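J.: The following block contains a protein sequence and its predicted model.
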Amino acid sequence: MAQRIFFATSEVYPFSKSGGLGDVMGALPAAMQNNGQQTAVISPLYGRISTGNFRIRPTVSDLPVGYPWAPITANVYETVHHGVPHFFIDRGEYFDRRHYYNDPVHGDYFDNAERFIFFCRAALALLEHLGVPPYMVHAHDWQTALLPVYIHFLRRSNPFWANTGTMFTIHNLAFQGRFSSRLFAACGLPQEAWNFNGVEFFGDFNLLKSGIAYADAVTTVSPSYAREILTEKFGCGLDGILRQRELNLHGILNGADYAIWNPEADPYLPCQYSEQDMSGKQGCKDNLISELGLDPELKDRPLLGFIGRMRGQKGIDILNAIIPDLVRMDVGIVVLGEGNPIHETIIRELMEAHRGRVAAVIGYTEDLAHRMQAASDLFLMPSRYEPCGLTQMYALRYGTLPIATAVGGLRDTIIPWPGDNSTGFIFTEPDPLDFLKTIGQAVQFWTRNPVGRREMIRRAMRQSFTWDKSCREYIDLYRKIRLRLDQ
Ligand code: ADP
C-alpha cells in the first residue's frame, strides 16, 4: 500500500452520522481521491452499522492494542466505498450501543474517554500493522484528537512515525471531551504533556485542547469561524491556546456533496426538480403539507423549515419564542430535530396549539430531511454560532432561501439581501426580535415580489460549494507540513 492520508473520525456517512461531521467524512476522502490523493478512513464499528449492507468484512482479528487499562485487542473490519478503503475498529463493549456518544435519558456515556482513547490507540496499532507509515493522519473533533498527540511523542522513539504529518480539524469547538485528570494518568502519554500549553485545562484532561496543542496544523471548517474562535466570545475557553497556534490555524470551508444533495436526482423526493423546471418543488411542498397534516391553503403561502439539533447552538429556543407571531403572518412552519427535551416539549406544545400551521417531527430521519429541504420556501437557521453549517448549503441548492444569523460559515456561504447577488437573508444578533423582523422582510419579499423571488432562487441554486476547492487547500497544507517534517 502506498503512503496514504488517513482520516480518523467517529462518524462517516453512510455508515454512521449524527450531524455534519458524518456528512463531511462521507465526502471529503472521496473528493481527495478525485484530486489525486490516496486516502482511507478509520472509524468505529458501531453496533448499528449493518455489515451486510456494505460488504464490510473482517480482515484483522485480535490486533493487540497497547492499551493502558488492560492489554486488550481490537478486531478490524474493512470495505471499500466510492473507491476509498474504510477500516472499522470493532470492540463490542465500546461501540455496540444504540447511540454514538450518549443516550437520551442518561446523557453522555460514562466511559466516553475510555472508548475514544481506545479508538485512537487501536487506530495507531492498525496503522503500524498495515506496515506503511502514513503520509498524513488527519483527525477530527475531540474523539480522535489524541492521535496527533500520540504521534507527536511517538516520533521521538519510533522511526515508523518519524515523518507522518498530523492535521486536526475542529468541527465544533463547544464539544471538547473534557475528562478527569485520572484519565490522563491512564492514557499512556508522557507526563510532560500535562501542562497549561498541552493537554491540561483547569485541572482536567481536555482532548480537543490536546489536538489543538500538538497537531502540526489545525483547521476549522470556515474562514469566519477560524477568526471567531480566536475571541473570548466564541472561543469556549480555548481562545488562548488557539491564539498561540494562530499561525498554524486555517479556516477551510466545507463542501456540499451534490451527489447526495441534488433536487434533480434526489431519490427521497416525491417530485424531482431543477432550476429550469421548478414545478417539482411545488409538488414536494404539496406532498409534505398533506403528509404532515398542515392546512391545504398553505400551499400558496410560504413554508418555513428548520432542520437541526435542538440545542442552544442552533437557536431552536429563538425560533420557538416567535412561533405564535409567525403563525399570525399566515405561514406554515415545519421542524425536524431532536436534542434537549425542554425544547422538544415546547415545540410539541406549539404544534398542539397551532395545529395545521405548525408541524414538528422529533427524531432523526434522513429522508424527511431531504423532503423538507425540497418542500420549504424559506430555511431557518437562527444559530448562535455555526462552525460551517451544511444545511444552509443544501437549502440553497434546493432553492430554499436561508434566513440565518451572521455567524461563522453562514456568513461565508449566504449573500445577504438586499443586493443584486443576494441568496438569502441575514440578521446580526441571535435575538428573537431581530429574527422575527428578518423573517417578516423575507416573507414580504417572497409574497410581493415574485420576479425578484424567482431570480434569487435561481441564484441560490447556482451556488456551488464543491469539495474540490477545499481539497486543494487541504492538500496544500499537507504538503507544507510534510516539507517541514522531511527537512
Ligand atoms: P451540525 O452542527 O449538527 O453538524 P450541520 O448543518 O453541519 O450541523 O449538519 C447537520 C446534518 O445533519 C445535515 O445533513 C442535516 O440534514 C442533518 N440533520 C440534523 N438533524 C437531523 C434530523 N433530526 N434528522 C435528519 N437529519 C438531520
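T.: Done, it's in.

J.: show me the residues around the closest residue to the ligand within the stretch 1-150 of the chain that make contact.
T.: In the stretch 1-150 of the chain, the residue that lies nearest the ligand is residue 20 (2.3 Å; Cβ to the nearest ligand atom). C-beta: built from backbone N, CA, C; applies to glycine. Shown in contact with residue 20 (Cβ atoms under 8 Å, 6 or more residues apart in numbering): 171, 221, 254, 387-390.

J.: cutoff 6 Å now
T.: residue 390 (Cβ atoms under 6 Å, 6 or more residues apart in numbering).

J.: Distance check, it against residue 375.
T.: Distance, residue 20 to residue 375, by Cβ to Cβ, to the nearest Å: 21 Å.

J.: same deal with residue 224?
T.: Residue 224 is 29 Å from residue 375, by Cβ to Cβ.

J.: Compare those two (neighbour count), which wins?
T.: Each of residue 224 and residue 375 has its neighbours counted (other Cβ atoms under 10 Å); residue 375 has more, 28 against 22.

J.: Tell me which helix or strand the nearest residue in space to the more buried one that is not next to it in sequence sits in.
T.: Distances taken as Cβ to Cβ, 6 or more residues apart in numbering place residue 288 nearest to residue 375, at 3.8 Å, with adjacent residues excluded. Residue 288 belongs to helix 279-291 when assigned by DSSP states H and E.

J.: so what strands line up beside the next helix-or-strand element following that helix?
T.: Where DSSP H and E defines the elements, the next helix or strand beyond helix 279-291 is strand 303-307. Strand 303-307 has its sheet partners listed here by DSSP bridges as strand 332-337 (parallel), strand 378-381 (parallel).

J.: Ok, which of those comes nearest the ligand?
T.: That would be strand 332-337 among the strands paired with strand 303-307, by Cβ to the nearest ligand atom, at 4.5 Å.

J.: Specify the angle between the closest one and helix 279-291 in degrees.
T.: Using axes from the mean of the first three to the mean of the last three Cα atoms, to 10 degrees, one finds that strand 332-337 and helix 279-291 are set 80 degrees apart in direction.

J.: is any part of strand 332-337 close to the ligand?
T.: Yes - for strand 332-337, a contact with the ligand is found by Cβ under 6 Å from any ligand atom, at 336-337.

J.: Distance from that strand to the middle of the chain?
T.: How far strand 332-337 lies from its chain's middle: 20 Å, per Cα atoms, centre = their mean, to the nearest Å.

J.: Remind me what the helix holding residue 288 packs against, helices and strands.
T.: Contacts defined by 3 or more Cβ pairs under 6 Å, 6 or more residues apart in numbering; DSSP states H and E place helix 279-291 against helix 366-375.

J.: for the helix it packs on, which positions count as buried?
T.: 368-375 (16 or more other Cβ atoms under 10 Å).

J.: Determine the angle, from 0 to 180 degrees, between it and helix 279-291.
T.: 120 degrees.

J.: pLDDT of helix 366-375, averaged?
T.: Averaged across helix 366-375, pLDDT comes to 98.

J.: cool, stretch 105-120 as well?
T.: Mean predicted lDDT for stretch 105-120 stands at 94.

J.: Give the buried residues for it.
T.: Within stretch 105-120, the residues scored as buried using 16+ other Cβ under 10 Å are 109, 112-120.

J.: near the ligand, which of those show up?
T.: Checking those against the ligand by Cβ under 6 Å from any ligand atom, not one of them is in range.

J.: Pipe the residues you listed into CSV and attach secondary structure per row.
T.: Converted to CSV, the buried residues of stretch 105-120 look like this (DSSP: H, G, I helix; E, B strand; the rest coil):
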residue, secondary structure
109, coil
112, helix
113, helix
114, helix
115, helix
116, helix
117, helix
118, helix
119, helix
120, helix
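
J.: Can I get those in JSON lines including distance to residue 317?
T.: Below are the buried residues of stretch 105-120 laid out as JSON lines (distance: Cβ to Cβ, whole Å):
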{"residue": "109", "distance to residue 317": "26"}
{"residue": "112", "distance to residue 317": "26"}
{"residue": "113", "distance to residue 317": "30"}
{"residue": "114", "distance to residue 317": "33"}
{"residue": "115", "distance to residue 317": "31"}
{"residue": "116", "distance to residue 317": "30"}
{"residue": "117", "distance to residue 317": "34"}
{"residue": "118", "distance to residue 317": "36"}
{"residue": "119", "distance to residue 317": "33"}
{"residue": "120", "distance to residue 317": "35"}
